[in-house]
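Enquirer: Pasting a predicted model and its sequence here:
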Amino acid sequence: MTTSPPEVDRLRADVLAITTHVPRGALVTFATVAAHLDARPRDVADIIASLDGPERDRLPWHRLVAVDGRVAEPAQRALLEAEGYGFDAEGYIAGFPVQLVDVDRLKHGVPARTPPA
């Protein structure tokens, strides 16, 4: 078993903490979570994609979406449809980005990071 560097572990913990606090009826993008954490959107997406069964079952991971509102993963689409979201023929969330919430306004308790000067 390999150990992740502390900064990778911290990023993962922070992404999961934010994810936990995205309420039903709201969405955030990988990019806005990444901006809050001074990370890359791809890193946030990779963390969400790497969730195991129990984490996927307990976290509202499906509420983190691409910046354009397109959902390609069938499981994510099904969970969002179960919450009342509609989709167009190309897989984009209907009415997007009206459902987006500001990551800074969620009660996740994760302080915003700023890039080193």
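Expert: Received it, and whenever you're ready, just let me know what you need. Residues are numbered from 1 along each chain as shown.

Enquirer: any idea how far residue 71 is from residue 96?
Expert: 10 Å (C-beta to C-beta, to the nearest Å). In short, each C-beta sits where N, CA and C put it, glycine included.

Enquirer: Make sure residue 113 is actually in contact with residue 35.
Expert: No - using C-beta atoms under 8 Å, residue 113 is not in contact with residue 35; the gap is 9.4 Å.

Enquirer: Could you check which of those two is surrounded by more residues?
Expert: Comparing residue 113 with residue 35 by other C-beta atoms under 10 Å, the one with more neighbours is residue 35, at 17 against 14.

Enquirer: Which strand or helix spans that one?
Expert: Using DSSP states H and E, residue 35 sits in helix 30-37.

Enquirer: Which strands or helices does the next helix-or-strand element following that helix pack on?
Expert: As assigned by DSSP H and E, the chain's next helix or strand after helix 30-37 is helix 41-49. Under the contact definition 3 or more C-beta pairs under 8 Å, 6 or more residues apart in numbering; DSSP states H and E, helix 41-49 sits against helix 6-20, helix 30-37, strand 64-65.

Enquirer: for the first one, packing partners?
Expert: The reference is to helix 6-20. helix 30-37, helix 41-49.

Enquirer: picking up where we left off before, taking helix 6-20 as reference, get the angle to the helix holding residue 35.
Expert: Helix 30-37 and helix 6-20 meet at an angle of 120 degrees, taking axes from the mean of the first three to the mean of the last three C-alpha atoms, to 10 degrees as the criterion.

Enquirer: Compute the number of surrounding residues for residue 30.
Expert: 22.
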